[in-house]
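*Asks:* need coordinates for the below:
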Amino acid sequence: MGVGTAWPDTSYTQQEMLDTFGITDPRVRSVFLNSAIERRGLTLPPLAADGSPVVETQGELLRKHVRSGLAMGREAVTRCLADAGAEVADIRYLCCVTSTGFATPGFSALLLKSLGIEPYCARLDVVGMGCNAGLNALTAVAGWAGAHPGDLALMVCIEACSAAYVFDGTMRSSVVNSLFGDGSAAVAVRAAPAPADPESDPAGAAILRFSSRIIPDAIDAMRYDWDDDHGKFSFSLDPQVPYVVGAHAELSLSRLLDGTGLQPSDIAHWIVHSGGKKVIDSVRVNLGLTRHDVRHTIGVLRDHGNVSSGSFLFSYRRLLDEGCIEPGDYGVLMTMGPGSTIEMALVGW
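*Replies:* Modelled structure (predicted):
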């Protein structure tokens, strides 16, 4: 029914990040400057007396997660509702997704109070699933909407990636620190109350089916766990991630399209998670896609970095704004993350 996105007021180029943190290691600088990312929305730590960023404790990071995440989430929901022509009072189900921190009560309760959502609104928090989680959560949201025709359900991805990092100068942490940006994205979903009545059908895309594929052999390829050396949670990426994801993309797509009578060539629009330059290239090659097919994925990576679970909705928002969708078109949404996991959804207009 509607889509809304939000990001911090403060954003930085990759060169500005290198300058701010005083990074001189040529290997690390190369990672930042060859990432296909121009700038990212971030909430950086305050500066010490000598002008260098202070080292944030895990407690400070968790507070940043809640503070900045709630601000972005409110803005994304507000824009989503405006796009859907709906009001806060219309929300009957709220699902919040995050992997950049932990809080109890979670974002669903915090947003309910902050926005004045009705207290009988059903809620779900999906925490810690990673970049793929937007489609995992959308499965639950679509299921709830289907069981409650006519009622409005919202999914909100809230990722304050500035609150989930360590800084130690190693290549492992440098790759992560060069990639992620802060962002929030919301999508409104409704099942038509009377499918036989054409005038009751929701505007926008219809969610037709989902498919999931987990690759247990690569379960350690993407991890977010406790780092004893730093006293913080830290994220790590195996260099083989792009190739693992790419190698299984075609099998995932085949399962999604199985029984539909559709071929990959019938898909007009591809909305792929902005996981990073190598990930995008690997998926593109293995699925036989052109750069034009993933233009919005590339554009989101360039302008925002990897905003984790909400990345695909950032790309979807750009597709809608482009105004190129025709009735009868089909699209594929694709997210990837820890597990290793590939999630897909087929949509039609």
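*Asks:* can you give the domain ranges for this structure?
*Replies:* 2-189, 204-348 (automatic domain parsing).
*Asks:* residue 251: how many residues sit nearby?
*Replies:* For residue 251, the tally of surrounding residues (other C-beta atoms under 10 Å) stands at 14. To be clear about C-beta, it is placed using only N, CA and C from the backbone, and glycine gets the same treatment.
*Asks:* what do you get for residue 46?
*Replies:* 8.
*Asks:* identify the residues contacting it.
*Replies:* Counting by C-beta atoms under 8 Å, 6 or more residues apart in numbering, residue 46 makes contact with 53-54.
*Asks:* go on, residue 176?
*Replies:* Residue 176 touches 165, 234-237, counting by C-beta under 8 Å, 6+ apart.
*Asks:* next: residue 299.
*Replies:* 315, 318.
*Asks:* quick check, it in a strand?
*Replies:* No - counting by DSSP: H, G, I helix; E, B strand; the rest coil, residue 299 is not part of a strand but helix.
*Asks:* if we can go back for a sec, and the domains of the chain as JSON lines, adding mean pLDDT?
*Replies:* JSON lines is the format used below for the domains of the chain (pLDDT from 0 to 100):
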{"stretch": "domain 2-189", "mean pLDDT": "95"}
{"stretch": "domain 204-348", "mean pLDDT": "94"}
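*Asks:* and the helices in the stretch 51-200 of the chain, which stretches?
*Replies:* 58-84, 107-115, 133-147, 171-177 (DSSP state H, counting those that start in this stretch).
*Asks:* and the first one, what does it pack against?
*Replies:* Counting contacts by 3 or more C-beta pairs under 8 Å, 6 or more residues apart in numbering; DSSP states H and E, helix 58-84 packs against strand 2-6, strand 91-98, helix 107-115, strand 152-159, strand 183-189, strand 232-237.
*Asks:* can you put these in CSV and add distance to residue 313 and mean neighbour count?
*Replies:* As requested, the helices and strands packed on helix 58-84 are exported to CSV (distance: least, C-beta to C-beta, whole Å; neighbours: other C-beta atoms under 10 Å):
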stretch, distance to residue 313, mean neighbour count
strand 2-6, 6, 24
strand 91-98, 10, 25
helix 107-115, 16, 19
strand 152-159, 7, 31
strand 183-189, 4, 30
strand 232-237, 21, 20
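*Asks:* just put these in TSV and tack on distance to residue 322.
*Replies:* Formatted as TSV, the helices and strands packed on helix 58-84 follow (distance: least, C-beta to C-beta, whole Å):
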stretch	distance to residue 322
strand 2-6	13
strand 91-98	25
helix 107-115	29
strand 152-159	21
strand 183-189	17
strand 232-237	31
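*Asks:* circling back: name the nearest of the contacts of residue 176 relative to residue 133.
*Replies:* For these, the residue nearest residue 133 by C-beta to C-beta is residue 235; the value is 14.0 Å.
*Asks:* what's near enough to touch that closest one?
*Replies:* By C-beta under 8 Å, 6+ apart, the neighbours of residue 235 are 164-165, 176, 222-224.
*Asks:* please repeat the previous calculation with a cut-off of 10 Å.
*Replies:* Counting by C-beta atoms under 10 Å, 6 or more residues apart in numbering, residue 235 touches 99-100, 130, 161, 164-166, 172-173, 175-177, 179-180, 222-225, 227, 308, 338.
*Asks:* show me those that map onto strands.
*Replies:* 222-225, 227 (DSSP state E).
*Asks:* what is the nearest of the contacts of residue 176 to residue 280?
*Replies:* Of these, the one sitting nearest to residue 280 (C-beta to C-beta) turns out to be residue 237, at 14.5 Å.
*Asks:* so what's the closest one bridging to?
*Replies:* Counting by DSSP bridges, residue 237 is bridged to residue 222.
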